[in-house]
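Visitor: next input, structure requested:
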Amino acid sequence: MAAITNAESNGGTPARQSERLIIIASSLGTVFEWYDFYLYGLLATIITAQFFSGVNETTGFIFALAAFAAGFAVRPFGALVFGRIGDMVGRKNTFLVTMGIMGVSTFVVGLLPNYATMGVAAPILLVVLRLLQGLALGGEYGGAATYVAEHAPPHRRGLHTSFIQTTATLGLFAALLMVIGVRTLIGEPAFAAWGWRVPFIASILLLGVSLWIRMQLAESPVFQKMKDEGTVSKAPLTEAFARWGNLKIVLIALFGAVMGQGVVWYTGQFYALFFLEKTLRVDGATTNILIAIALLIATPAFVFFGWLSDRIGRKPIILTGCALAALTYFPIFHGLSQAANPALYAAQANAPVTVVADPRECSVQFDPVGKNKFDSSSCDIAKAYLAKAGVSYENVAAPAGTLATIRIGGTTLDTVDPRLVTGPARADAIKAFGVRAKAALSAVGYPEKADIAAMNKPLVVLFLTILVLYVTMVYGPIAALLVELFPTRIRYTSMSLPYHIGNGWFGGFLPTTAFAMVAATGNIYYGLWYPVVAAAATVAIGLFLLPETFRRSLD
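Guide: Numbering: from 1, shown residues only. Predicted structure coming up:
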């Protein structure tokens with residue numbers, strides 16, 4: 001490092017090597033953290049069975065997504081804790097600590113006993129580990145992005161930080177490759193039973209390599225200069241959030257840029273994955289492969305849009321990506337349904353399903369405490385079956401006291417009247433109703449799962465690639481934008497909080513919220529209103545309030 005630093009000061013060729021070292025070391029460490037964080041999301045369906053088997057299937061899946069979201073919930077708090085340390089102590093040491101917390105937490109997930117072995121303690125411990133991961137990630141990203149930006153030449157700041165922006169997708173891609181490889185090697189039954197633990201346990205090796213690489217780096221020159229001059233902030237939280245001049249910029253960054261970026265990112269890379277596997281009934285292995293192909297195709301666009309933002313600005317690229325997402329999500333997901341499961345799409349068009357019931361008897365098909373079996377009213381029995389089967393339906397109100405019915409095309413099925421049957425007899429009656437409903441759905445073409453042979457895989461990959469390209473537009477320039485918005489004294493703290501609220505809360509809660517919206521309405525596309533409204537709001541706010549930053553100095 002000393003040789004590199006001396007050569008750099010003399011303007012020699014090794015300066016370029018130093019830039020590469022900074023980008024590679026920062027990026028590889030961040031790839032590892034995203035790999036750890038995203039393994040859980042990829043394995044949400046299996047984790048539902050392993051850790052949330054004590055509740056009904058729909059609630060269990062939403063619980064699993066909620067535990068996924070728990071890691072996002074605490075990211076802003078991690079941003080505050082580690083952002084403050086990063087602005088007072090330094091960028092490098094702070095993200096070494098966050099990496100260690102993330103790596104150990106991920107390793108322990110791979111060793112955690114499941115619900116069958118440990119009971120309710122298992123999901124509680126799982127959530128605790130997710131919270132630790134979220135805290136660590138809350139401190140990691142701001143440090144890496146700030147570190148790279150403070151080393152980059154002004155005219156290449158967007159390009160250099162775009163490599164940090166690729167790390168989330170590369171981490172997801174690495175996790176996908178690991179999951180696909182283990183699944184292929186040991187087979188699906190073994191993977192579901194114990195093989196899912198392997199990617200978590202293997203992360204301890206990546207932790208060692210990543211820590212070693214990060215330790216080769218020196219402190220950011222901008223921060224070191226400030227430290228040498230004695231101008232480091234003594235109270236970064238107060239300066240960042242208790243003074244209106246800076247707080248105003250934090251709020252504009254959040255609602256005029258990061259909120260839309262967050263929902264576009266998690267729709268394109270996670271909601272699409274869950275939608276394929278849970279709603280369209282595509283098997284997990286095929287879903288992972290299709291997502292991986294789309295990521296492989298689109299990931300270079302992160303660097304392209306980072307480079308482009310150095311020439312035309314950050315703001316127009318980010319807001320254009322949000323606008324395109326808001327305008328096209330509904331047609332893209334309809335097209336994805338038709339290409340991935342054409343039989344299901346045709347059945348929904350030719351034989352739509354309707355639940356006719358007294359609205360006062362209908363519950364939202366999500367139970368936060370896991371006690372509701374959805375068998376106390378005929379409406380709940382009908383909707384519980386359809387939610388579990390992943391069938392989209394419409395609601396029609398019936399007079400009070402009417403027994404709920406399901407219309408499947410031209411067929412009408414009476415549900416079970418729970419007032420007439422109790423105990424084991426009710427359970428048998430509900431089971432018999434499920435058999436009749438399944439037969440009626442099959443008769444009009446509703447498939448139990450997607451037929452891989454009938455799937456239009458190139459078209460599925462095209463739609464997924466478009467979704468990821470939107471991600472690259474909004475995410476590629478965002479690090480440079482956030483770094484340039486705030487002064488050096490409080491940069492780590494100031495940029496980390498809006499980033500992690502936008503991505504951790506608006507983005508991270510998206511799969512959970514969207515699937516709960518679907519469960520509440522019965523419409524498999526209804527959850528898309530969440531990202532569409534958030535992205536459109538960001539365009540409106542950002543257009544008028546967000547400043548352009550790409551020619552600003554960082555000093």
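
Visitor: how close does the residue nearest the centre of the chain get to residue 467?
Guide: Geometric centre of the chain, nearest residue: residue 266, 4.1 Å, by Cα atoms, centre = their mean. According to Cβ to Cβ, to the nearest Å, residue 266 and residue 467 sit 11 Å apart. Bear in mind the C-beta positions are built from the backbone N, C-alpha and C, glycine included.

Visitor: now do residue 409
Guide: Distance, residue 409 to residue 467, by Cβ to Cβ: 32 Å.

Visitor: more neighbours: these two, which one.
Guide: Higher neighbour count among residue 409 and residue 467: residue 467, with 25 against 17, using other Cβ atoms under 10 Å.

Visitor: which ones are touching that one?
Guide: 267, 268, 269, 272, 294, 332 (Cβ atoms under 8 Å, 6 or more residues apart in numbering).

Visitor: now render those residues as a markdown table, adding secondary structure.
Guide: Below are those laid out as a markdown table (DSSP: H, G, I helix; E, B strand; the rest coil):
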| residue | secondary structure |
| --- | --- |
| 267 | helix |
| 268 | helix |
| 269 | helix |
| 272 | helix |
| 294 | helix |
| 332 | helix |
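
Visitor: looking at the residues you listed, which is nearest residue 526?
Guide: Nearest to residue 526 among these, counting by Cβ to Cβ, is residue 267 at 13.8 Å.

Visitor: so the closest residue to that closest one other than its chain neighbours is in which element?
Guide: Spatial nearest neighbour of residue 267, excluding adjacent residues (Cβ to Cβ, 6 or more residues apart in numbering): residue 531 at 4.4 Å. Following DSSP states H and E, one finds residue 531 within helix 529-545.

Visitor: against which helices or strands is that helix packed?
Guide: helix 259-266, helix 315-340, helix 510-521 (3 or more Cβ pairs under 8 Å, 6 or more residues apart in numbering; DSSP states H and E).

Visitor: so which bits of it are buried?
Guide: For helix 529-545, a neighbour-count test (16 or more other Cβ atoms under 10 Å) marks 530, 531, 532, 534, 535, 536, 537, 538, 539, 541, 542 as buried.

Visitor: so the fifth one touches residue 326, yeah?
Guide: Read it as residue 535. Yes: in terms of Cβ atoms under 8 Å, residue 535 counts as a neighbour of residue 326; the distance is 4.2 Å.

Visitor: who's in contact with stretch 116-123?
Guide: Applying Cβ under 8 Å, 6+ apart, the set of residues contacting stretch 116-123 from outside is 50, 51, 52, 53, 54, 63, 67, 112, 113, 114, 115, 125.

Visitor: if I look at the first one, how far off is residue 334?
Guide: Translated: residue 50. Computed as Cβ to Cβ, the residue 50 to residue 334 distance reads 33 Å.

Visitor: phi and psi next, for residue 229.
Guide: phi -80, psi -10 (degrees, to the nearest 10).

Visitor: got the contact list for residue 103?
Guide: Neighbouring residues of residue 103 by Cβ under 8 Å, 6+ apart: 32, 36, 203, 204, 206, 207, 210, 211.

Visitor: lowest-confidence entry in the residues you listed?
Guide: On pLDDT alone, residue 36 ranks lowest of the contacts of residue 103, at 72.

Visitor: what helix or strand is that one on?
Guide: Counting by DSSP H and E, the element that carries residue 36 is helix 14-42.

Visitor: could you identify the helix or strand that succeeds that helix?
Guide: Note on helix 14-42: by DSSP H and E, the next helix or strand toward the C-terminus is helix 44-51.

Visitor: least trustworthy helix or strand in this structure by mean pLDDT?
Guide: Counting by mean pLDDT, DSSP states H and E, the chain has its least confident helix or strand at helix 2-9, which shows a mean of 37.

Visitor: report pLDDT for residue 268.
Guide: Here, the pLDDT recorded for residue 268 equals 94.

Visitor: likewise for residue 555?
Guide: On pLDDT, residue 555 comes in at 67.

Visitor: now do the host helix or strand of residue 290: which elements does it pack against?
Guide: Element membership for residue 290, per DSSP H and E: helix 284-298. Where contact means 3+ Cβ pairs under 8 Å, 6+ apart, helix 284-298 is packed against helix 157-186, helix 272-274, helix 457-475.

Visitor: quick one: closest of those to residue 309.
Guide: helix 157-186 (3.9 Å).

Visitor: how near is the closest residue to residue 342 other than its chain neighbours to residue 334?
Guide: Excluding the flanking residues, the one nearest residue 342 by Cβ to Cβ, 6+ apart is residue 454, at 5.6 Å. Per Cβ to Cβ, residue 454 is found 17 Å from residue 334.

Visitor: the more surrounded of these two?
Guide: The neighbour count for residue 454 versus residue 334, taken as other Cβ under 10 Å, is higher for residue 334 (15 against 12).

Visitor: what's the burial count for the residue nearest to that one when sequence neighbours are not counted?
Guide: Using Cβ to Cβ, 6+ apart and skipping the chain neighbours, the partner closest in space to residue 334 is residue 525 (7.0 Å). Neighbourhood size, residue 525 [other Cβ under 10 Å]: 18.

Visitor: for residue 525, give me its contacts.
Guide: 330, 333, 334, 392.

Visitor: ok, now which ones touch the spatially closest residue to the last one that is not a sequence neighbour?
Guide: Distances taken as Cβ to Cβ, 6+ apart place residue 524 nearest to residue 392, at 4.2 Å, with adjacent residues excluded. Contacts for residue 524 were tallied using Cβ under 8 Å, 6+ apart; they are 275, 279, 337, 390, 392, 518.
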